[in-house]
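Provided below for reference: sequence and predicted model.
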Amino acid sequence: MQTLATQQRLDEVRALRAKTNPLLAHGYKVFSQNDEDGIIHEICRRLNIGEAGAFLEIGVGDGSENNTLNLLVKGWKGIWLGGEPLAYANLMDRLAFEQRWITRDNVAGIMHNALPRLDIRSLDLMSIDIDGNDWHIAQSVLENGIRPSVMVVEYNGTFDPHTEWVMPYDDDHRWDKSAYFGASLASFHRLLKTYGYFLAACNSTGVNAFFVKEEFRALFPELPDDWHSIFMPANYHPYPYLGHPVTQRLIGALIGK
């Protein structure tokens with residue numbers, strides 16, 4: 001009953017935000033933490049990326065729940081960077097994984113070295129979720145000329161969309177489960193707008209923001225003129241999953257050679 005009640009609550013949120021955050025209606029979960037998989041699918045559909053896309057995700061957990069596993073299953077290729085080992089063996093030619101502690105000083109070099117391994121010359125999508133230095137990592141990536149078509153970033157939904165705040169950089173930051181992490185949506189917006197991106201969506205739990213290159217703006221005619229209205233506040237309830245549990249056996253079968 002709790003899961004059904006949560007689903008009803010999400011449906012109500014989508015209905016209320018249909019005009020201010022319209023891409024929310026496309027959200028669903030496959031392997032993402034919340035509804036990110038569906039929003040990513042809709043954005044990529046509009047960009048006509050298809051099944052030959054390339055991704056890079058920073059902060060992938062153990063590989064069983066993140067923003068790009070569903071893309072990998074669909075046929076994309078890409079790079080995973082993270083600080084913990086995967087929960088299963090990487091059996092794919094289309095996936096390169098590096099277990100590294102990511103900093104603003106090493107991220108660009110790691111990426112430039114990793115992308116040629118899969119013959120990736122440009123990125124269609126990048127996702128950053130490391131519970132701390134996310135803004136600084138995004139800044140370093142952009143400053144070093146890496147410009148994916150879509151940027152998915154974890155923002156700190158504690159702050160309203162008019163407040164700018166960035167966690168001071170800390171090489172050794174470990175998230176303590178508090179609101180001391182990352183950066184506000186306004187700070188991410190200022191950074192990404194500088195590099196030619198617009199805000200396309202925020203997910204239902206107020207965790208991830210989706211930015212797209214300005215050249216694709218015409219593909220999203222229903223977006224409001226004021227980006228502030230797309231903002232979703234922190235709403236960290238468990239996202240309902242009504243199917244059977246996803247197991248490592250299933251993931252292994254999906255991504256195995």
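In hand now; what should we look at? Numbering: from 1, shown residues only.

E57: which element?
Assigned by DSSP states H and E, E57 belongs to strand 54-58.

neighbouring contacts of that strand?
Defining contact as C-beta atoms under 8 Å, 6 or more residues apart in numbering, one finds that strand 54-58 is touched by 66-68, 71-72, 76-82, 102, 107, 111, 114-115, 118, 120, 122-130, 137, 148. Heads up, the C-betas are built off the backbone N, CA and C, glycines and all.

Tell me which stretches of the protein form strands.
With strands called from DSSP state E, the chain shows them at 54-58, 77-82, 95-99, 125-128, 150-154, 197-202, 208-213.

Counting neighbours, what do you get for G75?
11 (other C-beta atoms under 10 Å).

Would you confirm that it contacts E51?
Yes - judged on C-beta atoms under 8 Å, G75 makes contact with E51 at a distance of 3.6 Å.

Report the contact partners of G27.
Counting by C-beta under 8 Å, 6+ apart, G27 has contacts R14, N34, D35, E36, D37, G38, I39, N203, S204.

at 7 Å what do you get?
When the contact criterion is C-beta atoms under 7 Å, 6 or more residues apart in numbering, the partners of G27 are D35, G38, I39, N203, S204.

Can you flag which of the residues you listed belong to helices?
Taking DSSP state H, the ones among the contacts of G27 that sit in helices are G38, I39.

which of the contacts of G27 count as buried?
The neighbour count (16 or more other C-beta atoms under 10 Å) marks D35, G38, I39, N203, S204 as buried among the contacts of G27.

Run through the residues that contact the last one.
In this case it means S204. Contacts of S204 by C-beta under 7 Å, 6+ apart are L10, V13, L24, G27, N34, D35, M232, N235.

go again using 10 Å as the cut-off
Each residue near S204 by C-beta atoms under 10 Å, 6 or more residues apart in numbering is listed here: 9-11, 13-14, 17, 21, 24, 27, 34-36, 39, 232, 235, 237, 239.

Report the buried members of the residues you listed.
10, 13-14, 17, 21, 24, 27, 34-36, 39, 232, 239.

centre of the chain versus the lengthiest helix in the chain, how much separation?
Ranked by number of residues, the top helix in the chain under DSSP H is helix 2-16. Chain-centre distance of helix 2-16: 22 Å, with C-alpha atoms, centre = their mean, to the nearest Å.

How about stretch 8-25?
With C-alpha atoms, centre = their mean, you get 19 Å for stretch 8-25.

pretty sure A179 is in contact with G206, am I right?
No - with contacts counted by C-beta atoms under 10 Å, A179 stays clear of G206, the gap being 11.9 Å.

Looking only at neighbour counts, state which of the two leads.
Neighbour count, other C-beta under 10 Å: between A179 and G206, G206 has more, with 19 against 11.

Quick check: phi and psi at the more buried one.
The phi and psi torsions at G206 (degrees, to the nearest 10) take the values phi 70, psi 40.

what's the pLDDT at it?
If you check G206, the pLDDT there is 95.

This structure: helices as residue ranges?
When secondary structure is read from DSSP H, the chain shows helices at 2-16, 36-46, 69-74, 107-114, 134-143, 185-194, 248-255.

which stretch among these comes nearest D226?
For these, distance to D226 was read as C-beta to C-beta. The smallest value, 11.5 Å, belongs to helix 185-194.

Can you list the buried residues in the closest one?
L185, A186, S187, F188, H189, L191, L192.

avg pLDDT for it?
99.

Now for the closest residue to G132 other than its chain neighbours, how many residues are close by?
Once flanking residues are discounted, G132 sits nearest to H173: 3.9 Å by C-beta to C-beta, 6 or more residues apart in numbering. Neighbour count for H173, taken as other C-beta under 10 Å: 17.
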